[in-house]
Each structure stands twice: as C-alpha cells, then as structure tokens.
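> Got a predicted model here, sequence first, then my questions.
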Amino acid sequence: MNKLRLAGTVWIASDIHLGSHTPGTARAFHEFLDKACAQADALILCGDIFDAWIGDDLALSAPPAWLAETVEKLRQVSEKIPLWLGRGNRDFLIGRVLAGHVGAQVLPDRVCLETDAGKILLSHGDEYCTADRAYQRFRRVVRCPAVQWLFLRLSLSARRGIADLARERSMASNRHKPMDIMDVSQSAIEKAFSGADADIMVHGHTHRPQVHRLTVDGRTRKRYVLPDWDYDHGDAVRGGWLAIDADGLHLNQASKSS
Ligand code: LP5
Ligand code: MN
C-alpha cells in the first residue's frame, strides 16, 4: 500500500466532472481552489476532475478555453501548496505529463494518507463497486496498459469519438441498472479495511455524499463519501470537499440553493 504523510490541514475533493459544458461548475471550482490556497496546507483531487479525459496532450497542444483556464488555476495552486491529481473512471488517463504541466503529483490509485487526524484509506471508489460486473469488466479493459498505449496513439478526434461512444453506452446502461450495484459493495469495503491499519476511508465516485459508520474486525470504522459537483443544472447546486486536520474530518457541502 502506498503511503503519504501529510501534516497540517489537508483538503480533498473529487467528481468535479469539468468539461466544455460546465462553466458554472468551473467557476465554483476555481473559487474553491483559491480558498484551498488560503486555508489548506495541501490539496488532493481524487478522481473525475474531468468529465472525460482523453489524454494529457489535450492540455498541452492548444487546449480549449475551458481547459486552459483550469490548467492555469491548478498551476497557481501548486505554486502555493502541494497538489495531487488522482484518477477516476472518467480521467484515468491523467498522467505525469499533465501533473508535471500543472506542478502537481499523480496520486496512486489507492493510498494510505498519514494525517494529523490519523491514517486514511483514500481512493476514487469505483474499484469498490464490485457488484457491477459490467463496469469491472470495462475497467479491466481500459486500465490495460496496452489498450491505453493504442488509444493514446489515435488522433484527438478519434479518441473523442470513442470517449463519446463510451459515455453514451454508459449512460444507457446506467438507466437500467439497480441503484445498489452502482454503489460500493459492503464486502469490498470490509475487505479493504481488513487489510489495512486504518479506521477511516475516503472515496468519491458514487455521488452519494455521506459519513458511514461500520464495524470491521471488531473496530469501529468510518467511511466518508465525497460530494460530486454540479453548478450547471438549475438552482440546486452540488459540490464540496473534505477538510482534514488535528481536530478530525469535516465534510463541507455546497448549500442546496446557492
Ligand atoms: O461514468 P458514469 O457515471 O456514466 O458510470 C460509471 C461507469 N461507466 C464508466 C464509463 C465511462 O463513463 C466512459 C467514459 C470514459 C472516458 C475516458 C476515455 C475512454 C476510452 C479509454 C480507452 C483506453 O466508467 C458505469 C458504472 C457507474 O459508473 C456506477 O459505478 O455503472 O459502468 C458502466 O456503465 C459499464 C458499461 O456496461 C460499459 C461502459 C461503456 C462501454 C464503452 C465501449 C466503447 C469504448 C471502448 C474503449 C476501448
Ligand atoms: Mn467516478
């Protein structure tokens, strides 16, 4: 298990799902980044920062305006505080090129944070959705280095077409999937805690922000689910982050009708 020692105040956010269609969310996220620079000692973005990431070269060679703005904001953050970029099921193709370009580090897919609030198991969370066999099959294919190597050699427009197809298929299949299999599996969570000397787990992905208490191997554990972000669809906004310091963990969520 990868370990990362982070002293002081650590902020964690995920599932911002930035794209060309999310100007409101981008504005709210950029304001959050300014706040993180002022109030946190480190910032971790643990997956699905982007709605569909088709390769780091997109950010380097004439990025669209929406992306250029966020890349610049991320660069400003990393000039002030350490910044980590984690990968989710939409942006698992983020690599060292983008991280280096914005002055950040790539966060391992599963890591044990050693913080002032204790040890914390951190990941995006999609790997815990083990009841969703169709997704786990898809995940094995797209996480295969050879498949990624081939995909990244395609033109940007070809990659965009495949990503659009994947998004359409995913949305279509999710319309018929029972809600429970699109959440984490209890057995996967218990297995992760069993194998680790941590009483706290943090993940995103499910878009079901909550703090869950459970007992594993006779120990009380807590599982924090990070909020997803959406400031582009009507009055009800979604967003937020987890603040970690010596006083504990504090889940901050956007007020519903900001
Ligand atoms: O993403 P979301 O919220 O809709 O649902 C997820 C799971 N789906 C996915 C698929 C992504 O949305 C696809 C977009 C990725 C863009 C990045 C680059 C793409 C190509 C990279 C090639 C190396 O993650 C969904 C879960 C849900 O979370 C809840 O956990 O249920 O899983 C599925 O829907 C699985 C589907 O059964 C199959 C997914 C699409 C199949 C696409 C085939 C064409 C692409 C082939 C690429 C080699
Ligand atoms: Mn996700």
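Sure thing, it's come through. Ligands and ions are numbered 1, 2, ... in the order given.

> Residue 245 touches residue 39, doesn't it?
No: between residue 245 and residue 39 no contact is recorded; they are 10.0 Å apart, counting by C-beta atoms under 8 Å. In short, each C-beta sits where N, CA and C put it, glycine included.

> what's the overlap in contacts for those two?
residue 9 (C-beta atoms under 8 Å, 6 or more residues apart in numbering).

> The two: which is more packed in?
It is residue 245, of residue 245 and residue 39, that has more neighbours when counted by other C-beta atoms under 10 Å, with 18 against 12.

> Quick one: residues contacting the more buried one.
The neighbourhood of residue 245, defined by C-beta under 8 Å, 6+ apart, consists of 8, 9, 10, 116, 117.

> Write out the residues of the protein neighbouring ligand 2.
Within the chain, the positions near ligand 2 by C-beta under 5 Å from the ion are 48, 88, 89, 205.

> what secondary structure does the first one sit in?
What DSSP: H, G, I helix; E, B strand; the rest coil gives for residue 48 is coil.

> pLDDT score assigned to it?
pLDDT, residue 48: 98.

> What number of residues are in the vicinity of it?
For residue 48, the count of nearby residues is 29 (other C-beta under 10 Å).

> The one 3 residues further on too?
Residue 51 has 18 neighbouring residues, counting by other C-beta under 10 Å.

> Not counting residues beside it along the chain, what's closest to the residue most central in space within the chain?
Compute the mean C-alpha point of the chain, and by C-alpha atoms, centre = their mean the closest residue is residue 47, 2.0 Å away. Computed as C-beta to C-beta, 6 or more residues apart in numbering, the closest residue to residue 47 that is not its neighbour in sequence is residue 88, at 2.7 Å.

> tally of neighbours for the one you found?
26.
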